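Asks: sharing a sequence plus its predicted fold:
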Amino acid sequence: MMIEVKNIFTGNSESLELSSDVVSRIRKKQHATGEIMMAPGLFDIQVNGYNSIDFNDDELSVEKIEEVVEELLKNGVTGFLPTLITNDPAIVERNLELFNRAVSGSDFIRRSIPGIHLEGPFISSEDGFSGAHDKQWARNPDWSLFEKWQHISGNRIKLITLAPELEGSLEFIRSCTKNNVKVAIGHSAAGPKEIMEAADYGATLSTHLGNAIPKYLQRHNNAIINQLAEDKLYTSIIADGHHLTNNLIKLILKLKKSKVLLVSDSTKFSSMAPGVYKTVIGGEVVLKANRQLAVSGGDGQLAGSASALYQCVNYLSREKLLPLTEAWKAASLGPINYMDNILMPSGNKNMVLFSYEDEALNILMTIKEDKCFF
């Protein structure tokens, strides 16, 4: 079977030859005629769970990890960082070991999960800044504890989100940098001096900027402005229509430009029906029909996302916040490059085919290592 596709970055037309759900040949053509778009695989650096599976649950298993890999592939994600948040240390250690086992047991899983994102427990316990994280487990940075967890993970923790105002943070950031672990600022009440120092010591990213923030802030001296003003920081955002206003997204894009990375911050609820649910972390949550996920009785406090990464790409394009090509790049090549090409696409081995009609983006097929996922 031959499929005519159009490369979204070059505009060139190509023909894909499929046999038994395997790509056997790719031919380039001079003129773009196909209505099916082709782009590099998406790479999500913040995935808490998916398809009713929670990476922070004490019932997580290797089989469930493998299931999430396949479900994300069907939605265009050819690589991601599973994200473990502030939690009971025993559960963190159990699940780090599970990821190590899953990745060690399969080259395909290893190339889909090239690292782990540890979001906490070294975060602020102040109201608002802690977000939906369980404050009882929040603590100051502890390098010996991190080394223990890194050993359990098989040295797979590649990104950590922390609050740089906590005691011991700067030396912790320096140690992470020396050991090739990226450091992000998030769930933090840090002031401008603390943010600047964290960047000088090696922090390079703001995690889901604009979220895990109290509703009311100082006008001129607040966590959003201070992180936007630090030129050394990349910024990740959740563009699902709920976490940020369009005007704030516009400002972030104008100031950070190519340093903006799209993340889904997806949870187990990303493929579930609207309703009220109990969670391992965060207590009771409400998933609305519009896909907003909030803490029950939390005065609108969000509890992660119920959207897939391609839907965030779609949102930026539909709302005219970014051209489709730039939005896709912010969710694919951008985060791959930020993570030092941790999942560098090899030739045409990681691709997504999708349609884009009436401002609706629909994933048709994902090709990873020449294998097709529908």
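Replies: It's in.
Asks: send me stretch 241-260 as PDB with only the CA atoms.
Replies: The C-alpha coordinates for stretch 241-260 follow below in PDB (Å, rounded to 0.1, in the frame of the first residue of the first chain):
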ATOM      1  CA  GLY A 241      -7.100  25.400  27.300                       C
ATOM      2  CA  HIS A 242      -7.400  25.100  31.000                       C
ATOM      3  CA  HIS A 243      -4.000  25.600  32.600                       C
ATOM      4  CA  LEU A 244      -3.100  29.000  31.000                       C
ATOM      5  CA  THR A 245      -5.000  31.900  29.500                       C
ATOM      6  CA  ASN A 246      -4.300  32.700  25.800                       C
ATOM      7  CA  ASN A 247      -2.800  36.100  26.700                       C
ATOM      8  CA  LEU A 248      -0.300  34.500  29.100                       C
ATOM      9  CA  ILE A 249       0.600  32.000  26.500                       C
ATOM     10  CA  LYS A 250       1.200  34.900  24.000                       C
ATOM     11  CA  LEU A 251       3.500  36.600  26.500                       C
ATOM     12  CA  ILE A 252       5.500  33.400  27.100                       C
ATOM     13  CA  LEU A 253       5.900  32.700  23.400                       C
ATOM     14  CA  LYS A 254       7.000  36.300  22.700                       C
ATOM     15  CA  LEU A 255       9.600  36.300  25.500                       C
ATOM     16  CA  LYS A 256      10.900  32.700  25.300                       C
ATOM     17  CA  LYS A 257      10.400  32.100  21.500                       C
ATOM     18  CA  SER A 258      12.100  28.800  20.600                       C
ATOM     19  CA  LYS A 259      12.800  28.100  24.300                       C
ATOM     20  CA  VAL A 260       9.100  27.100  24.800                       C
END
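Asks: wait, Arg94 sits on Asp58?
Replies: Yes: using Cβ atoms under 8 Å, Arg94 is in contact with Asp58, at 6.6 Å. C-beta coordinates here come from the backbone N, C-alpha and C atoms, glycine included.
Asks: those two: which is more packed in?
Replies: Arg94 (15 against 12; other Cβ atoms under 10 Å).
Asks: run through the residues that contact Ile367.
Replies: Going by Cβ atoms under 8 Å, 6 or more residues apart in numbering, Ile367 touches Leu16, Val23, Asn348, Lys349, Asn350, Met351, Val352, Leu353, Phe373.
Asks: looking at those, which one is closest to Gln218?
Replies: Comparing the contacts of Ile367 against Gln218 with Cβ to Cβ places Val352 closest, at 42.2 Å.
Asks: any idea how far Lys148 is from the closest one?
Replies: Noted for Val352: a distance of 38 Å to Lys148, by Cβ to Cβ, to the nearest Å.
Asks: and Thr177, what are its phi and psi?
Replies: When read as degrees, to the nearest 10, the backbone of Thr177 gives phi -60, psi -40.
Asks: where do the helices of the protein begin and end?
Replies: 62-74, 89-104, 107-112, 143-152, 169-178, 192-201, 223-228, 246-256, 309-318, 324-330, 333-338 (DSSP state H).
Asks: of all those helices, which lies closest to Leu42?
Replies: Among the helices of the chain, helix 309-318 comes nearest to Leu42, with 5.0 Å by Cβ to Cβ.
Asks: from the chain's centroid, how far away is the closest one?
Replies: Chain-centre distance of helix 309-318: 14 Å, with Cα atoms, centre = their mean, to the nearest Å.
Asks: again with stretch 147-159
Replies: 19 Å.
Asks: ditto for stretch 37-45
Replies: Put simply, stretch 37-45 sits 12 Å off its chain's centre (Cα atoms, centre = their mean).
Asks: same deal with stretch 170-190?
Replies: 18 Å.
Asks: ok, now stretch 304-314?
Replies: With Cα atoms, centre = their mean, you get 10 Å for stretch 304-314.
Asks: that one: which residues count as buried?
Replies: For stretch 304-314, burial by neighbour count (16 or more other Cβ atoms under 10 Å) applies to Gly304, Ser305, Ala306, Ser307, Ala308, Leu309, Tyr310, Gln311, Cys312, Val313, Asn314.
Asks: export the residues you listed as CSV, with columns for pLDDT.
Replies: Converted to CSV, the buried residues of stretch 304-314 look like this (pLDDT from 0 to 100):
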residue, pLDDT
Gly304, 89
Ser305, 94
Ala306, 93
Ser307, 95
Ala308, 97
Leu309, 98
Tyr310, 98
Gln311, 97
Cys312, 98
Val313, 98
Asn314, 98
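Asks: reformat these as CSV; add distance to Lys259.
Replies: What follows is the buried residues of stretch 304-314, written out as CSV (distance: Cβ to Cβ, whole Å):
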residue, distance to Lys259
Gly304, 23
Ser305, 21
Ala306, 26
Ser307, 22
Ala308, 23
Leu309, 18
Tyr310, 21
Gln311, 22
Cys312, 17
Val313, 17
Asn314, 22
